[in-house]
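1. have a look; sequence and predicted model below, questions after that.
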Amino acid sequence: MVDSVYANIRAALELTLSGVSGLPPFARQNVDFDPTPDDTFIRAQFTPTQRRPSVRGPDPEMQYLGLYNLLVCTPENVGAGPGLQIAELLVETLDATKSATNSGVIVRIEYAELGLSYPDPPHYCTPVTISWYSYH
């Protein structure tokens, strides 16, 4: 299997979050996950957005940019607090002063922000958007 830049970037972000205690299970892309109404979980979506040369000329280093969207879902009718607490932990872990690494790949965080919480019965969800970039 060919070593993928995108796979290493995603793995670096996931590895960073796997070291944080107190996070609920992750629902990852293309992996079966069937939560019950009482489950708290995080739905993760890795989205590459751009691949551009960082300079002009032959064989330039490439800049990769993208979003790591995390949706914190808690049971309905327990208030916004539990989901916000988890979302804030995600933002603190992957904020703009941090980077993530995996297999020599360094992923820098451009920003981390919370979105507007909303009901998604039987859960109440709070989105977290992590903007990342990496050079290769």
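-> Yes, it's here.

2. who does the residue nearest the centre of the chain bridge with?
-> The centre of the chain sits closest to Y68, judged by C-alpha atoms, centre = their mean, with a distance of 3.5 Å. In this entry, Y68 is beta-bridged to F46, I130, by DSSP bridges.

3. isn't it right up against T16?
-> No. Applying C-beta atoms under 8 Å as the test, Y68 and T16 come out as separate, 10.1 Å apart. For every residue, glycine as well, the C-beta is placed using N, CA and C.

4. ok, the residue nearest to the centre of the chain - contacts?
-> By C-beta atoms under 8 Å, 6 or more residues apart in numbering, the contact set of Y68 is R10, L13, A44, Q45, F46, T47, L94, T129, I130, W132.

5. thinking again about what came up before, which residues are in contact with each of Y68 and T16?
-> Common neighbours of Y68 and T16 (C-beta under 8 Å, 6+ apart) are L94.

6. I'd like to know which elements the helix or strand hosting W132 is packed against.
-> Using DSSP states H and E, W132 maps to strand 123-135. With contacts taken as 3 or more C-beta pairs under 8 Å, 6 or more residues apart in numbering; DSSP states H and E, strand 123-135 sits against helix 5-18, strand 62-75, helix 81-93, strand 105-114, strand 118-120.

7. what does the shortest one rub up against?
-> I take that to be strand 118-120. In this structure, residues lying in contact with strand 118-120 by C-beta under 8 Å, 6+ apart are C73, E76, Y124, C125.

8. which among these end up buried?
-> Neighbour counting by 16 or more other C-beta atoms under 10 Å classes C73, Y124, C125 among these as buried.

9. could you give the number of residues near the nearest residue to N102 once chain neighbours are set aside?
-> Closest residue in space to N102, ignoring its immediate chain neighbours: A12 at 3.6 Å, by C-beta to C-beta, 6 or more residues apart in numbering. Neighbour count of A12, defined by other C-beta atoms under 10 Å: 20.

10. wait, isn't A12 in contact with T101?
-> Yes. If you go by C-beta under 8 Å, A12 and T101 touch, sitting 5.5 Å apart.
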